[in-house]
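S.K.: Provide a 3D model corresponding to the input given below.
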Amino acid sequence: MQLVIVESPAKAKTIEKYLGADFKVLASYGHVRDLPPKDGSVRPDEDFAMDWELYRDKQKRFKEISDAAKDADRLVLATDPDREGEAISWHVQELLQKRKALPTRVDRVTFNAITKAAVTEAMAKPRELDTDLIDAYLARRALDYLFGFTLSPVLWRKLPGAKSAGRVQSVALRLIVEREREIEAFKPDEYWSVLAKLEQDGTEFDARLVKYKGEKLEKLSLGHEGIAREAKAAVEAGRFTVEAIETKPLKRNPAPPFTTSTLQQEAARKLGFSASHTMRCAQSLYEAGAITYMRTDGVQMDGSAIAAVRGEIGQRYDAAYLPEKPRFYSTKAKNAQEAHEAIRPTNFGRDHAGSGDEAKLYSLIFKRAMASQMAAAQLERTTVTLRDATGQHELRATGQVIKFPGFFAIYQEGFDDKKDEEEEGLLPVLKQGDAPAKKAVEANQHFTQPPPRFSEASLVKRLEELGIGRPSTYASTIQTLRDRDYVRMEKNRFFAEDSGRLLTAFLERFFPTYVAYEFTAGMEDELDVVSDGREGYKELLSKFWRDFKPKTEEVMEKLPSEVTEVLDEYLSDYLFPPREDGKDARFCPLCQTEGREGGRLSLRGGRFGAFIACANYPECKFTRRFAQPGGDGDDGSQDGVMGQHPETGADIHRKSGRFGPYVEMEVDEKKKRASIPKDLDDFDLEWAARLLDLPRIIGAHPETGKEIEAAIGRYGPYLRHDGKYAKLQSTRDVFDTGMNAAVTLLAEAANRKGGGRQKAEPIKTLGEHPTSGGEIKVMPGRYGPYVTDGNVNATIPKDIKPEDIEAAKAIELIDARAAKGPAKKKRKKAAPKKKAAAKKKAAAK
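M.R.: Just a heads-up that it's a prediction; the model follows:
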């Protein structure tokens, strides 16, 4: 019997169909062991010895592999064709060797696609494990462990509220934070443009003023309204005739087939997918045999695939759409490893595969791969220059037309910046000397714009350009930043949270080398050197540890107050920007109100993180959260009496606290408070009174007769009725939701979870369960985190972090729990019988 090991049960099921009866295919469900998450798992003083531990949830699964291996004549390690796949194969071999269950013959096979031809060919060309690739894995894993487990304790002790730091994660966070700083520091410049609306032979077109008073206009040349009005008047008064017509042919070549990072970028632009969701869908398509391996830096397709796609183009389109020679691509990305093909369909005769989001992603992959071998698109751009009689003023109109669509017929690449994909309109037929009719002239005001915040697509693109990390890890890196609450997403853009800004400032100030882009990219270069066999992985680790360990010890010796003092100075421009009234940016508004002297604000560290407090503490209780003042009105400048409640006449005070601004009112000699929500841009006295009057009674439920109320709680706005909850989307919904909408929302919430408490948000989602088809989610629970497919709930072992759990582990936990059957209810013990009163008295005597 020949035993074949792959990662996933779906992959095992597909491969087993292609092999004979002599083969048995088992899944490892991903990695089988890892460095235990505790001190000492990597020991630099012992030549970087590493301890590995079999995952608890894999013990039963690996016993099945071990038992099968004892009866096998040959072990075929057929895990994925990359570094992680090589590592899984190595771990399996090492464990079987320790258990004395390793067959006499061990082979490693790899295939780039799960098709019968690819699998059969791979089985005929076995090889040994790639020790250089395994060394690169060991180096990367040890680096990440040493960085995280050495630096994170420093954070916990010196930077309250910080959760973790990572070698690539912290650099990605720095990119987002630096972009936030650029936006805040940006000063917009005013400029104007003058546009003439012209018409020729019934066709309207626009022409922009490009020369004024004999001077060529740059973007900011018309810097204020006055000069713009003068330029507009000059265009209105002038008679413009066509001076020159220039026509240029343009050619656009197709983009290469997808790599991992370009697939993530394009799926984000065109489909709105997150990087992690894209990779889950791609994994499913790969395991179903629909596409080639989805973790790749390569942009080339093999010869047979190119021949197949060219044949398909020839069948679908006429000869003009097929170039004479095949197109060949090479990557421009830094640190690219082109050992694997680009991502492409395994069968170009199949233009649909999968369902739902998988089908959408497959269509994108299919079209991109096919377009990559099609003819270039042919365009023609026309530029028309119009001049007035004085020769001092010029207008320019441009337009372009597609002469031959080429690859545009099936696919056009998306862009992160909308201005990159703006298309110029068509122009009428014009000739020199024509004087188009002037319909109108506009002078339009503009302001220069700050650089845009990163989207997932543009962040992945930037990381790849800098050579930081690997495309296969970008999805998990981005997810970690979100899970740690270092960043948030709004309208598909990353915003740096205050905790992320504080962590980045700490690392920039105390560990500048290790969040430098050049250092992290250089480390990737060195890991590539190890994978090529040109350097031993222990040499790389020694160089890193020699400098990193002393630096962490140096920072660990500092007192938390010293760290806070340094950060207070480092972040002073952000936390205490100059005030418009000219006062000291650090002055305490509460001390000024109460007549105290010397009240200056500074950064403080607390149990729940950093905040701003007054130097006169404890006499002065002023605090505000760690943030730039003014954005949320929490700098204390707006604190005071807002006015009186319209019904009770009680004073409503606006105050600032550690967790942001709030309003307060005295009711029955007790103070009632309400936080000021961030989604209220027009917050005033009326809103303050409405918030303090919550909960709001909507009315009696038409079925139960019990009241439905709307309020704002710890987790945001909600509805409540008879102990059941439903989530509302915004603060305004609390006051605007009527009876019909409330009943509908409560019914929908009850259907989702059988009623009861408001449904918790999943920590992460992991795609469909291969057997039940339900969506696998990692959920927070009353008794700890768990995984569920909607039918079976399985507790996550304590040694596994819920945010780190992979799909394979989740499937294993769910399957193991399902195999045990439903949980048995504990029978209540009968209460002990009471002794007769007479006996008690006798005993007393």
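S.K.: for whichever strand or helix holds L719, which strands pair with it and how are they oriented?
M.R.: Using DSSP states H and E, L719 falls within strand 716-721. Strand 716-721 pairs in its sheet with strand 707-713 (antiparallel), strand 724-727 (antiparallel), by DSSP bridges.
S.K.: state the mean pLDDT of it.
M.R.: The pLDDT scores in strand 716-721 average 90.
S.K.: list the buried residues in it.
M.R.: P717, Y718, L719, R720, H721 (16 or more other Cβ atoms under 10 Å). No exception for glycine: its C-beta is placed from N, CA and C like everyone else's.
S.K.: which stretches in the stretch 451-600 of the chain count as helices?
M.R.: Applying DSSP state H, counting those that start in this stretch to the stretch 451-600 of the chain gives helices spanning 456-466, 471-483, 498-510, 517-531, 537-556, 560-570, 572-575, 589-594.
S.K.: looking at the one helix or strand K270 maps to now, give me its mean pLDDT.
M.R.: In the assignment (DSSP H and E), K270 maps to helix 260-271. In this model, helix 260-271 has a mean pLDDT of 91.
S.K.: now do that helix: which elements does it pack against?
M.R.: helix 275-287, helix 356-371, helix 456-466, helix 471-483 (3 or more Cβ pairs under 8 Å, 6 or more residues apart in numbering; DSSP states H and E).
S.K.: for this structure, name the helix or strand with the lowest mean pLDDT.
M.R.: helix 837-844 (a mean of 43; mean pLDDT, DSSP states H and E).
S.K.: quick check: closest non-adjacent residue to Y486.
M.R.: Computed as Cβ to Cβ, 6 or more residues apart in numbering, the closest residue to Y486 that is not its neighbour in sequence is G500, at 3.4 Å.
S.K.: a markdown table for the helices and strands packed on helix 260-271, including mean neighbour count?
M.R.: A markdown table is the format used below for those (neighbours: other Cβ atoms under 10 Å):
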| stretch | mean neighbour count |
| --- | --- |
| helix 275-287 | 23 |
| helix 356-371 | 21 |
| helix 456-466 | 22 |
| helix 471-483 | 21 |
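S.K.: indicate which one of those is closest to K211.
M.R.: Relative to K211, the nearest member of the helices and strands packed on helix 260-271 by Cβ to Cβ is helix 456-466, separated by 35.5 Å.
S.K.: which other residues reach that closest one?
M.R.: Helix 456-466 is contacted by residues 172, 175-176, 261, 264-266, 268-269, 274-275, 333-334, 416, 452, 454, 469, 471, 474, 478, 492, 494, 517, 520-521 when judged by Cβ atoms under 8 Å, 6 or more residues apart in numbering.
S.K.: ok, 7 Å please
M.R.: 172, 175, 261, 264-265, 268-269, 274-275, 333-334, 416, 454, 469, 471, 474, 478, 494, 517, 521 (Cβ atoms under 7 Å, 6 or more residues apart in numbering).
S.K.: next one: stretch 89-96
M.R.: Counting by Cβ under 7 Å, 6+ apart, 5, 28, 31-33, 54, 62, 66, 69, 77, 79, 102, 106, 108, 129, 134 sit against stretch 89-96.
S.K.: buried subset of those as a PyMOL selection?
M.R.: To isolate the buried members of the contacts of stretch 89-96 in PyMOL, using 16+ other Cβ under 10 Å:
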select buried, resi 5+28+31+32+33+62+66+69+77+79+102+106+108+129+134
